[in-house]
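In: One predicted model, sequence on top.
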Amino acid sequence: DGGITQSPKYLFRKEGQNVTLSCEQNLNHDAMYWYRQDPGQGLRLIYYSQIVNDFQKGDIAEGYSVSREKKESFPLTVTSAQKNPTAFYLCASASRQGGYGYTFGSGTRLTVV
Amino acid sequence: AQKVTQAQTEISVVEKEDVTLDCVYETRDTTYYLFWYKQPPSGELVFLIRRNSFDEQNEISGRYSWNFQKSTSSFNFTITASQVVDSAVYFCALSDFSEGNNRLAFGKGNQVVVIP
């Protein structure tokens, strides 16, 4: 079955450490996205990529970094520069033509301890 | 910039009651898409419906129905005869194709609690 896989489901990080969240899709989608969800805030776009080796900042990119070396993969690194990293992170993908909606992963809940 | 407003944060209803979720959007695009997603407690967003800006027909799918009114920039969602399984967060979203991008702007979501 085609879909998006995010791992791990739960992640704990010590303050000052970088951590990488994985996102893999086998839908042959060109575009991939990372969203952050906080209670009462909805989903906010962190980074997105429309083709391999290219990506753009979203609305809240500070403290995060991404790479897109393969079409199937779009890992997100939460760096120590992110002041409030505890949140639920959702990855999504879509066809580049747009308008067909996104397919979402099941999310990673990151907690800083 | 695209903007989606979902005014009600949490809505509680007794099972079998109807519940309507309001979604108001802002866009300068003439061609755009609107979406509703459901987020159950498991966390994954589930696609419910997509509507393009040229199709103002209302849609019904089982107990779900959607009312798209371009004149008021609204895309409201009604659950008829609610069930406990409808308890979830529901998000309205609007496409953003500006500058060659393909992005979605989300509202803050409606937490629906169906009381048995």
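Out: Looks like it came in fine. Note that the structure is a prediction, hence the values are computed from the model and not measured. Numbering: from 1, shown residues only, chains lettered A, B, ... in the order given.
In: Dead centre of chain A: give me the residue that sits there.
Out: For chain A, the residue nearest the mean C-alpha position is residue A:34 (2.9 Å; C-alpha atoms, centre = their mean).
In: So that one sits against residue A:66, correct?
Out: Yes - counting by C-beta atoms under 8 Å, residue A:34 does reach residue A:66; the two are 6.7 Å apart. For the C-beta atoms, the positions are set from N, CA and C on the backbone; glycine is no exception.
In: what sits in contact with each of those two?
Out: Overlap of the contact sets of residue A:34 and residue A:66 (by C-beta atoms under 8 Å, 6 or more residues apart in numbering or on different chains) consists of A:46, A:47, A:74, A:76.
In: need the residues you listed in TSV with distance to residue B:105, can you?
Out: Converted to TSV, these look like this (distance: C-beta to C-beta, whole Å):
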residue	distance to residue B:105
A:46	14
A:47	15
A:74	20
A:76	20
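In: Just flag the most distant two among the residues you listed.
Out: A:46 and A:74 (10.8 Å; C-beta to C-beta).
In: Now tell me what touches stretch B:53-71 from outside.
Out: Taking C-beta under 8 Å, 6+ apart as the rule, stretch B:53-71 contacts B:29-34, B:36, B:48-49, B:51, B:74-83.
In: just how off-centre is that stretch within its chain?
Out: On the basis of C-alpha atoms, centre = their mean, to the nearest Å, stretch B:53-71 sits 10 Å off its chain's mean C-alpha point.
In: and residue B:20, which of the three is it?
Out: Applying DSSP: H, G, I helix; E, B strand; the rest coil to residue B:20 yields a three-state assignment of strand.
In: wait, it sits on residue B:75?
Out: No - contact criterion C-beta under 8 Å: residue B:20 and residue B:75 do not qualify, at 11.7 Å.
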